[in-house]
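Trainee: here's my sequence, what's the structure:
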Amino acid sequence: MNFVLLDVIFTGKCKTNLLPGQIVLIIMKSTRERRRQVIRSVALLHTLSKREGITSVYGFAEKYDALVSPIHLTQGQGKNGWQALFNGTRPVSATRLRALSTVHAWSDAIDLFENGPANLWKAMWGPSEQLRLVIADELTEWRNFDRAVAEFERELLLAQKYHAPLAFMHLAKAIAFCRLQNEILGLGDASLSYGVAQCLCNEVLQEDMECLGVRPAINEELVEFFSTKDNYELSSSSIAAR
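Mentor: A predicted model of the protein is given here:
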């Protein structure tokens with residue numbers, strides 16, 4: 001797909017100061033960003049549906065039309081208008097996102113879309129300088145990064161030993177600790193990447209991701225991200241197939 005787009009660019013004889021390799025990079029980045037927007041959208045809509053006890057796309061469309069359309073004087077699109085958003089064919093538009101946030105029960109829609117459940121998107125895709133916000137409680141409590149890492153790893157080991165459930169919060173923190181150590185401190189630690197894999201192998205967390213319709217997508221994103229790290233390589237075989 002990227003090569004087809006590139007051929008179109010050169011065939012059109014566009015004036016550009018970019019080298020071909022740079023154009024490829026831009027196309028790949030655009031594709032990656034769109035995929036992430038789709039993940040955000042699918043997770044958001046499933047979260048809002050679950051909150052209202054809605055179990056179908058049709059039910060969500062009816063709820064949206066009843067609560068949002070009268071306010072904005074917009075015509076609802078019924079099930080077909082939402083199907084593509086729920087199944088990940090395309091991301092939710094900025095206009096639709098703002099409309100969702102006007103509903104009292106969905107007032108946090110924009111925050112959920114941008115940051116994800118328990119700041120998971122911020123941990124996965126946010127800029128490095130925001131990673132401290134994801135682990136702010138740990139840094140405040142222990143006042144020392146190494147101690148915060150040790151205590152978090154201890155929590156994960158205990159969860160593994162006693163088969164305790166893990167949540168999105170644990171995954172977000174594991175990713176944030178790992179990225180912070182790699183991207184800002186320039187250090188590598190196999191145990192931190194293993195902590196991410198441990199979260200992904202937690203059955204309860206995998207079920208939670210499935211409920212939001214993003215289990216395969218998140219697993220693939222993290223396998224792709226951490227397979228580029230020298231300290232520890234996640235692979236599809238390290239993630240339990242739930």
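Trainee: tell me the contacts of the closest residue to L67 other than its chain neighbours?
Mentor: Among residues not flanking L67 along the chain, V103 sits closest, at 4.8 Å (CB to CB, 6 or more residues apart in numbering). For every residue, glycine as well, the C-beta is placed using N, CA and C. Contact analysis of V103 by CB atoms under 8 Å, 6 or more residues apart in numbering lists 67-68, 109.
Trainee: quick one: V103 from L45, how far?
Mentor: Applying CB to CB, to the nearest Å, the value for V103 to L45 is 13 Å.
Trainee: ditto for V57
Mentor: 9 Å.
Trainee: next one: L212
Mentor: L212 sits at a distance of 9 Å from L45 (criterion: CB to CB).
Trainee: who's more crowded, the two?
Mentor: The neighbour comparison of L212 against L45 (other CB atoms under 10 Å) goes to L45, with 26 against 22.
Trainee: next one: that one from V214, what distance?
Mentor: For L45, the distance to V214 - CB to CB - is 11 Å.
Trainee: could you do S30 as well?
Mentor: Computed as CB to CB, the S30 to V214 distance reads 20 Å.
Trainee: neighbour count winner among these two?
Mentor: V214 (24 against 12).
Trainee: return the distance of the closest residue in space to the more buried one that isn't next to it in sequence relative to A99.
Mentor: Once flanking residues are discounted, V214 sits nearest to A43: 4.9 Å by CB to CB, 6+ apart. Going from A43 to A99 by CB to CB gives 18 Å.
Trainee: which of the two has more residues huddled nearby?
Mentor: A43 (24 against 20).
Trainee: would you confirm that the more buried one contacts L212?
Mentor: Yes: with contact defined as CB atoms under 8 Å, A43 counts as touching L212 (4.4 Å).
Trainee: now do the shared contacts for the two.
Mentor: Counting by CB under 8 Å, 6+ apart, the residues touching both A43 and L212 are P117.
Trainee: list the residues that contact the one residue sitting closest to the centre of the chain.
Mentor: Centroid check for the chain by CA atoms, centre = their mean gives W121 as the closest residue, at 4.0 Å. Contact analysis of W121 by CB under 8 Å, 6+ apart lists 36, 39-40, 114-115.
Trainee: give me phi/psi at it?
Mentor: For W121, the backbone dihedrals are phi -70, psi -40 (criterion: degrees, to the nearest 10).
Trainee: please apply the same query to D108.
Mentor: With angles defined as degrees, to the nearest 10, D108 sits at phi -100, psi 20.
Trainee: could you do L212 as well?
Mentor: phi -90, psi 0.
Trainee: tell me the one of the contacts of V103 nearest T89?
Mentor: A109 (19.7 Å; CB to CB).
Trainee: look at that closest one and report its pLDDT.
Mentor: With respect to pLDDT, A109 has a value of 97.
Trainee: test my guess that S41 contacts N87.
Mentor: No: in this structure S41 lies outside contact range of N87 using CB under 8 Å: 10.3 Å.
Trainee: more neighbours: these two, which one.
Mentor: When neighbours are counted by other CB under 10 Å, S41 and N87 differ, and S41 comes out ahead with 24 against 12.
Trainee: with that, I have no additional questions.
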